[in-house]
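> I'll drop the sequence and a predicted model, then ask my questions.
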Amino acid sequence: MRIRSIGSKLTLWYTGLLALTYLFLFIIAYGLLSYSLSHDIDYALENIGGAMVEKAKAEDSSLYSIDIDELFHSYFGFSPHNRHAIIFDAYPPPDENQGESNPQQMSVSRDAMEKALRAKSHFETVSNGDKYPLRIITMPVHKSSKLTSLVRVGMSLENMHRTKQRFLLIMGAVFPIGLLLAGGGGWLLAREALRPVDQMTQTAQKISGEQLNQRLQESGNGDELDRLASTLNSMLDRLYAAFDQMRQFSGDASHELQTPLTILKGEMEVALRKQRTPLEYQCVLGSGLEEIDKINHLVEGLLLISRADAGVLGLDMQPIELDTFALDILEQMRTIADPYDITLEMQSSEPFAISGDRDHLRRLLHNLLGNAIKYSRSGGYVKLKVYQQKEWAVLQVSDSGIGIPEEELGNIFNRFHRATATGSRDRKGFGLGLSIVDSIVQAHKGKIEVESIPNQGSTFRIFLPMV
Ligand code: ADP
């Protein structure tokens, strides 16, 4: 089964890790407890044994004068019921017992004997057929460097085993309960922490192209989810602006197309109302063609912009001798500039070539020079300069025209944007010329600079990469 909810996944991970930690701690605690219990027992047995060894060494030793219960009591705080203490002669070993004993349980092992001969004590755990084993220490008694007796002290490990069992029992009960509580708490916490995500999902589901003005709720506490909401909101802002621009664009485009079509339709309707002379029909058709040219021009421009937007402008890159190419276009523009007595001038440095799309760059220069002529006063000038600047080829068009107010400079590349004051002269346009220039420059990976002083003139610089 695949778990889809982050809350459940987090809870599972958290509980799993907690269980591992518990297990780890439990193993350590159990180990420490076992070690400490056996250590305590060994320590006590060693001390009781030590006391008995001292006693055995004394000339007048008598085991019966040792109160074993008291000894056990002094080390354990109680006297275990299954405890033994014996002193017996080392030779012959070891069934000649003295004192309180249990021969079967306390018989000396080979290891203990060997160690006793080397004057060392020996611990062993012996199973005596009882439920719990015995822990026994065997200690040698030397008199005049001779092993005379052995002291054996032992006790049942029942208490230790019971304590360990109790520990296991408590842990066994606490472990699942603790895990259950921690898991439940973790799940509640995860659900609470992820609640804003659910809210975001619900709001996001409501947002569509028509309802892009809805925003996700921001908690304002600066946490990860708040930052996510704020990032998504900024993205929605950008999307909203883009949608708005698109809506505006298609609205403007239809409006611009509608005007020449209405004129065309009107002229045809008027012409058809009565019988006309051939000359009159010629006039109407001529004017109709003009409108169709405008529509054609507009549609071409729109097509170019939308292709550039979609990244499919499809440049046909060829080597272009930029100075001669620019001069040719400038010459073509003379027919437009001459009626307004505007001087066209070419300034160019060394001849050089770049790689670019001829048709698109022609259109770019047409638009820039066309604007420079359109927004110049009669008797003014338009200068075209082509030069290299580091890794850029620069096309510079400057005019002595009406200029662009500073507050308009940021808008002139927007689609269908036309500056409000264009002067008294007839300066028709769709407001698409500079958008097209911008798209072509972007497609060539270039950049644009504009400088303008109202009533003095404007300078447009197009930077195209040399390689
Ligand atoms: P259009 O010329 O069709 O209005 P453009 O996109 O070519 O559209 O230009 C946008 C606006 O930028 C123009 O309406 C005009 O106000 C301003 N503009 C462009 N070129 C010049 C120029 N050389 N001198 C002054 N204003 C200019």
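On my side now, so go ahead. Bear in mind that the values here come from a model prediction, so they are computed numbers and not experimental data. Residues are numbered from 1 along each chain as shown.
> Check what contacts stretch 228-245 and list those residues.
Residues outside stretch 228-245 that contact it (Cβ atoms under 8 Å, 6 or more residues apart in numbering): 196, 200, 204, 207, 209, 212-219, 415. Using the backbone N, CA and C atoms, a C-beta is placed for each residue, glycine as well.
> Please, which helix or strand holds the residue in the chain positioned nearest to the ligand?
Closest approach between the chain and the ligand, counting by Cβ to the nearest ligand atom: Gly429, at 2.1 Å. Following DSSP states H and E, there is no helix or strand that holds Gly429.
> per-residue pLDDT, it?
For Gly429, the pLDDT comes out at 79.
> and what of Val108?
pLDDT for Val108: 81.
> count of neighbours near it?
The local packing of Val108 (other Cβ atoms under 10 Å) involves 20 other residues.
> just to revisit the earlier point, make sure the residue of the chain closest to the ligand is actually in contact with Lys374.
Yes. Between Gly429 and Lys374 there is a contact under Cβ atoms under 8 Å: 7.1 Å.
> Do a quick rundown of the helices in the stretch 51-200 of the chain.
Taking DSSP state H, counting those that start in this stretch as the criterion, the stretch 51-200 of the chain contains helices spanning 68-76, 103-106, 110-117, 158-206.
> how about those in CSV, adding distance to Phe26 and mean neighbour count?
Shown next, in CSV, are the helices of the stretch 51-200 of the chain (distance: least, Cβ to Cβ, whole Å; neighbours: other Cβ atoms under 10 Å):
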stretch, distance to Phe26, mean neighbour count
helix 68-76, 27, 16
helix 103-106, 34, 16
helix 110-117, 34, 16
helix 158-206, 6, 13
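> Could you identify which of these has the lowest mean pLDDT?
helix 103-106 has the lowest average pLDDT among the helices of the stretch 51-200 of the chain, namely a mean of 49.
> Residues of the chain that sit close to the ligand?
367, 371-372, 375, 399, 401-404, 412, 417-419, 422, 429-435, 458 (Cβ under 6 Å from any ligand atom).
> out of those, which are inside strands?
Per DSSP state E, strands hold the following members of those: Asp399, Ser458.
> Leaving out sequence neighbours, find the closest residue to Gln199.
In space, and not counting its chain neighbours, Gln199 is closest to Gln217: 6.4 Å by Cβ to Cβ, 6 or more residues apart in numbering.
> number of nearby residues for Thr335?
8.
> A helix includes it, no?
Yes. Counting by DSSP: H, G, I helix; E, B strand; the rest coil, Thr335 is part of a helix.
> Test for you: state the pLDDT assigned to it.
93.
> and if you look at the one 5 residues further on?
What the model reports as pLDDT for Tyr340 is 92.
> Contact partners for it?
Ile373, Ser376, Ser378.
> What of Lys447?
Lys447 touches Val441, Ile462, Phe463, counting by Cβ under 8 Å, 6+ apart.
> about what we covered before: now the residue of the chain closest to the ligand: closest residue in space that isn't a chain neighbour?
Of all residues not flanking Gly429 in the chain, Arg418 sits nearest, at 6.4 Å (Cβ to Cβ, 6+ apart).
> Help me confirm that that neighbour comes into contact with Gly433.
No. Counting by Cβ under 8 Å, no contact exists between Arg418 and Gly433, whose distance comes to 9.8 Å.
> Those two: which has the busier surroundings?
Using other Cβ under 10 Å as the criterion, Arg418 and Gly433 rank with Gly433 on top: 21 against 16.
> What distance do you get for the residue of the chain closest to the ligand to Gln214?
Remark: distance between Gly429 and Gln214 (Cβ to Cβ, to the nearest Å) = 37 Å.
> Using the three-state scheme, assign Lys274.
coil.
> quick one: pLDDT of it?
So Lys274 comes in at 91 (pLDDT).
> any idea how far the residue nearest to Leu264 when sequence neighbours are not counted lies from Glu192?
Leaving aside its chain neighbours, Leu264 sits nearest to Glu291 (4.4 Å; criterion: Cβ to Cβ, 6+ apart). Applying Cβ to Cβ, the value for Glu291 to Glu192 is 67 Å.
> how far is stretch 117-124 from where the chain is centred?
66 Å (Cα atoms, centre = their mean, to the nearest Å).
> cool, stretch 271-290 as well?
The answer for stretch 271-290 is 68 Å, by Cα atoms, centre = their mean.
> Could you export stretch 138-150 as CSV, CA atoms only?
The C-alpha coordinates for stretch 138-150 follow below in CSV (Å, rounded to 0.1, in the frame of the first residue of the first chain):
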residue,chain,number,x,y,z
THR,A,138,36.3,-19.8,45.4
MET,A,139,39.1,-18.1,47.4
PRO,A,140,42.3,-19.8,48.5
VAL,A,141,43.6,-19.6,52.1
HIS,A,142,47.3,-19.7,52.4
LYS,A,143,49.3,-20.3,55.5
SER,A,144,53.0,-19.9,55.4
SER,A,145,52.7,-19.8,51.5
LYS,A,146,50.9,-23.1,51.5
LEU,A,147,47.4,-23.6,50.3
THR,A,148,45.6,-25.0,53.3
SER,A,149,41.9,-24.4,52.8
LEU,A,150,39.4,-23.1,50.3
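> Give the buried residues for that stretch.
Within stretch 138-150, the residues scored as buried using 16 or more other Cβ atoms under 10 Å are Thr138, Met139, Pro140, Val141, Leu147, Ser149, Leu150.
> Now do the same contact list for the second one.
This points to Met139. Contacts of Met139 by Cβ under 8 Å, 6+ apart are Glu46, Gly49, Gly50, Met52, Val53, Ala116, Ser121, Leu150, Val151, Arg152, Val153.
> The fifth one and Val151 touch, don't they?
Yes. If you go by Cβ under 8 Å, Val53 and Val151 touch, sitting 5.2 Å apart.
> higher neighbour count, the two?
Per other Cβ under 10 Å, whichever of Val53 and Val151 has more neighbours is Val151, with 26 against 20.
> and the gap between that one and Met52?
5 Å.
> Mutual contacts of these two, please.
Counting by Cβ under 8 Å, 6+ apart, the residues touching both Val151 and Met52 are Ala85, Ile87, Met139.
> Going by distance to Gln165, which of these wins?
Ala85 (26.6 Å; Cβ to Cβ).
> Report the beta-bridge partner residues of the closest one.
Per DSSP bridges, the residues bridged to Ala85 are Val153.
> looking at it, it is touching Ile68, isn't it?
Yes. Ala85 lies in contact with Ile68 (Cβ under 8 Å); the separation is 4.7 Å.
> And the helix or strand harbouring Ser8, how far out from the chain middle?
Here Ser8 sits within helix 6-57, counting by DSSP H and E. Centroid separation for helix 6-57 versus its chain: 44 Å, with Cα atoms, centre = their mean.
> and if you look at stretch 230-245?
On Cα atoms, centre = their mean, the centre of stretch 230-245 falls 21 Å from that of its chain.
> and what of stretch 401-412?
Using Cα atoms, centre = their mean, the offset of stretch 401-412 from its chain centre is 42 Å.
> related to what we said a few turns ago, switch the buried residues of stretch 138-150 over to TSV; also include distance to Ile354.
Shown next, in TSV, are these (distance: Cβ to Cβ, whole Å):
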residue	distance to Ile354
Thr138	103
Met139	104
Pro140	106
Val141	111
Leu147	110
Ser149	113
Leu150	109
